[in-house]
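**Student:** The sequence and its predicted three-dimensional model are supplied below.
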Amino acid sequence: MVDREWVKRVAHLARLKLTEKEVEIFSKQLGDILDFVKQLEELDTADVEPYIQKAEGTPMREDEPKEGLSQEEALKNAPERENGFFVVPRIVEV
């Protein structure tokens, strides 16, 4: 059973900030998804051949230089920025 605390913990691990309304909604949605996966696990797939996409080679395209994003465009959706750079949490101890 997916409860509110489980949803809050998963959101914390994913660094998501959820409102109480979103926690309520996602608790039900995640529960429904897990119930559906349980249904899929009940299917007998013993005689079903695995799907393997056969390709004779990796399709390649020509490497053509194109205009990139400006610094402002790249940073416009950043939750935090400083001096023209993304600010991210420290993950390596010095």
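**Tutor:** Noted; the coordinates are in hand.
**Student:** what about residue 26, neighbour count?
**Tutor:** The local packing count at residue 26 equals 20, with neighbours defined by other C-beta atoms under 10 Å. Using the backbone N, CA and C atoms, a C-beta is placed for each residue, glycine as well.
**Student:** May I ask which helix or strand encompasses it?
**Tutor:** helix 20-41 (DSSP states H and E).
**Student:** Packing partners of the helix or strand just after that helix?
**Tutor:** Elements were assigned by DSSP H and E; along the chain past helix 20-41, the next helix or strand is helix 71-75. Taking 3 or more C-beta pairs under 8 Å, 6 or more residues apart in numbering; DSSP states H and E as the contact definition, helix 71-75 has no neighbouring helices or strands.
**Student:** picking up where we left off before, identify all contacting residues around the helix holding residue 26.
**Tutor:** For helix 20-41, the external contacting residues (C-beta atoms under 8 Å, 6 or more residues apart in numbering) are 1-4, 6-8, 10-11, 18.
**Student:** One more pass at 7 Å, please.
**Tutor:** Applying C-beta atoms under 7 Å, 6 or more residues apart in numbering, the contact partners of helix 20-41 are 1-4, 7-8, 18.
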